[in-house]
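**Student:** structure for the following, please:
(chains A and B)
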2 protein chains.
Amino acid sequence: MNYPKGIKTEKNINSSNIKYDNRGMGLENDINITNQYYIEKKKAYIYKKPTPIQVTKIDYRNNSMVIKEGYFKEPSTTDYNGLYDGKYIDFEAKETNSKTSFPLSNIHKHQILHIKNIVDNGGIGFLIVRFNKMNKNYLLLGEDLIDFLVKNKRKSIPVDYFEKKGFLILDSYMPRIDYLKVIDDILGGSEDGKEKEEK
Amino acid sequence: MNYPKGIKTEKNINSSNIKYDNRGMGLENDINITNQYYIEKKKAYIYKKPTPIQVTKIDYRNNSMVIKEGYFKEPSTTDYNGLYDGKYIDFEAKETNSKTSFPLSNIHKHQILHIKNIVDNGGIGFLIVRFNKMNKNYLLLGEDLIDFLVKNKRKSIPVDYFEKKGFLILDSYMPRIDYLKVIDDILGGSEDGKEKEEK
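**Tutor:** Sure thing, here's the model as predicted:
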């Protein structure tokens, strides 16, 4: 029998510390702080969606309800969405420790369909991928993600695809990860948004 | 001690049957079917957000995770959002059995702030309220909701405010509750969207 280190029972934890998939808290934290900055500066209103949970058992007591059994569901949408300058923004943020590629196992099928729906309906959908070992964050537009998936059978997206098609998000102090700067560059750049001014 | 009828223990239920607030399943169901119709007809992509849950205890076994304790959190955003013709759509749907007014206890403070943020950032935010006894569904724009709250200290919005400022959503077979028709009328109507062609 294979009992991995994951065997622990009834551990009390704060939900903000839960790492239930390979989404990195470092990037997520940076994005949350960045979004808060955008809200305070009235630049944009972008927020995190709740984590989808399947509730299977509830304890009713004193007119209150306590969930006694539930499961983390496979997400059918992305982590973040909102509004920037009247435009619909929607993205998923992921970290990887790989030096060579971004494993597609990080994104669920429904999330890819969601991003496709966003793009097809006139929204701005993208991935933010942090390559931890190189300390680089890339923004990859939904169009380019879908295009890769259509044209490739690979189980990961090589770093050079991010270098070629993605947009590097430069580090800064405030906001930490200024991805809307990249969106500005894309929208203000070439008509199809594929060319980068910074390159 | 006041033990209401809510005392039940460890009841197994399907999450789709959970009624944990006064949100009506009838209206919600109609909206879900309508949104599905919009997606199939490629008219819009509008979806339901997950219910926010605070997870406080997890059981780790065989590398899987079972939530053993959690609570329904007060929602900080609305139930639905998405894209229609490139525009950001965001709304909350509520039913009431009152014949005279819509009780504001149905909407949380954070949800109102959310709707204000949507409007301030160029999105289309609104409420859909079903008055069950009159079998009428109204769409009330976020602007008009906020305006009412700023000008009134009341704990409910009278029906006549919906009749005056809201937009009646006519019943139909497919889609069941064609709220985007109302959005079309508003956008195609007067510049400030306050006048109704159907009246």
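**Student:** all helices in chain A, in order from the N-terminus.
**Tutor:** With DSSP state H as the criterion, chain A has helices at A:25-40, A:109-120, A:142-151, A:159-165, A:179-188.
**Student:** for B:Lys133, which of these is the nearest?
**Tutor:** helix A:109-120 (36.9 Å; Cβ to Cβ). (C-beta placed from N, C-alpha, C; glycine too.)
**Student:** B:Asp90: which of the helices of chain A is closest?
**Tutor:** helix A:109-120 (14.3 Å).
**Student:** can I get the helices of chain A in CSV including mean neighbour count?
**Tutor:** Formatted as CSV, those follow (neighbours: other Cβ atoms under 10 Å in any protein chain shown):
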stretch, mean neighbour count
helix A:25-40, 17
helix A:109-120, 18
helix A:142-151, 17
helix A:159-165, 16
helix A:179-188, 18
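**Student:** hmm, A:Met134 is touching A:Thr100, no?
**Tutor:** No. Taking contacts as Cβ atoms under 8 Å, A:Met134 lies outside contact range of A:Thr100: 10.3 Å.
**Student:** ok, A:Asp79 touching A:Pro50?
**Tutor:** No. If you go by Cβ under 8 Å, A:Asp79 and A:Pro50 don't touch, sitting 10.0 Å apart.
**Student:** neighbour count: these two, which is higher?
**Tutor:** More neighbours surround A:Asp79 than the other of A:Asp79 and A:Pro50, with 19 against 15 (other Cβ atoms under 10 Å in any protein chain shown).
**Student:** check contacts around the more buried one.
**Tutor:** By Cβ atoms under 8 Å, 6 or more residues apart in numbering or on different chains, A:Asp79 lies in contact with A:23, A:28, A:48-49, A:91-93.
**Student:** of the residues you listed, grab the buried ones for PyMOL.
**Tutor:** To isolate the buried members of those in PyMOL, using 16 or more other Cβ atoms under 10 Å in any protein chain shown:
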select buried, chain A and resi 23+28+48+49+91+92+93
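**Student:** got a pLDDT number for the residue of chain A most remote from its centre?
**Tutor:** Going by Cα atoms, centre = their mean, the residue of chain A most distant from its centre is A:Asn62, 38.8 Å out. You'll see A:Asn62 listed with a pLDDT of 75.
**Student:** what distance do you get for it to A:Thr34?
**Tutor:** Relative to A:Thr34, A:Asn62 is positioned 41 Å away (Cβ to Cβ, to the nearest Å).
**Student:** not counting its neighbours along the chain, what's nearest A:Ile112?
**Tutor:** A:Leu149 (6.7 Å; Cβ to Cβ, 6 or more residues apart in numbering or on different chains).
**Student:** just the pLDDT for that neighbour.
**Tutor:** 96.
**Student:** what do you get for A:Leu187?
**Tutor:** The per-residue pLDDT reported for A:Leu187 equals 90.
**Student:** ok, A:Tyr80 next?
**Tutor:** On pLDDT, A:Tyr80 comes in at 97.
**Student:** the one 3 residues further on now?
**Tutor:** What the model reports for A:Leu83 is a pLDDT of 97.
**Student:** show me the contacts for A:Ile177.
**Tutor:** Contacts of A:Ile177 by Cβ under 8 Å, 6+ apart are A:27, A:30-31, A:34, A:128, A:137, A:169, A:171.
**Student:** actually A:Tyr45, not the one I typed
**Tutor:** Contacts of A:Tyr45 (Cβ under 8 Å, 6+ apart): A:38-39, A:82-84, B:117-118, B:120-121, B:123.
**Student:** the strands in chain A, which residues?
**Tutor:** A:8-12, A:44-48, A:53-61, A:64-72, A:80-84, A:87-96, A:101-103, A:124-131, A:136-141, A:156-158, A:167-169 (DSSP state E).
**Student:** compare these and say which comes out lowest on pLDDT.
**Tutor:** strand A:8-12 (a mean of 35).
**Student:** so how far is A:Asp185 from A:Asp79?
**Tutor:** In terms of Cβ to Cβ, A:Asp79 sits 23 Å off from A:Asp185.
**Student:** if we can go back for a sec, touching, the residue nearest to A:Ile112 and A:Gln111? I think so.
**Tutor:** No. Between A:Leu149 and A:Gln111 there is no contact under Cβ under 8 Å: 11.8 Å.
**Student:** anything in contact with each of these two?
**Tutor:** Joint contacts of A:Leu149 and A:Gln111 (Cβ under 8 Å, 6+ apart) do not exist.
**Student:** ok, A:His114 touching A:Asn81?
**Tutor:** No. The pair A:His114 and A:Asn81 does not pass the contact test of Cβ under 8 Å, sitting 9.8 Å apart.
**Student:** returning to that earlier point: for the residue farthest from the centre of chain A, phi and psi?
**Tutor:** Per-residue torsions, A:Asn62: phi 50, psi 40 (degrees, to the nearest 10).
**Student:** now do stretch A:139-147: everything it contacts.
**Tutor:** Applying Cβ under 8 Å, 6+ apart, the contact partners of stretch A:139-147 are A:112, A:115-116, A:118-119, A:124-129, A:157, A:161-162, A:165-169, A:179, A:182-183, A:186, A:193-194.
**Student:** what do you get for stretch A:69-76?
**Tutor:** Stretch A:69-76 is contacted by residues A:20-21, A:51-57, A:108, A:110-111, A:114, B:47, B:50, B:53, B:55, B:65-68, B:70 when judged by Cβ under 8 Å, 6+ apart.
**Student:** then it to PDB, C-alphas only?
**Tutor:** Extracted as PDB, the C-alpha positions of stretch A:69-76 are listed here (Å, rounded to 0.1, in the frame of the first residue of the first chain):
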ATOM      1  CA  GLU A  69     -18.500  17.300   4.200                       C
ATOM      2  CA  GLY A  70     -17.400  18.800   1.000                       C
ATOM      3  CA  TYR A  71     -14.900  18.500  -1.900                       C
ATOM      4  CA  PHE A  72     -12.900  20.900  -3.900                       C
ATOM      5  CA  LYS A  73     -14.300  20.800  -7.400                       C
ATOM      6  CA  GLU A  74     -12.400  21.100 -10.600                       C
ATOM      7  CA  PRO A  75     -12.600  24.800 -11.400                       C
ATOM      8  CA  SER A  76     -14.700  25.500 -14.500                       C
END
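**Student:** fine by me, thanks again.
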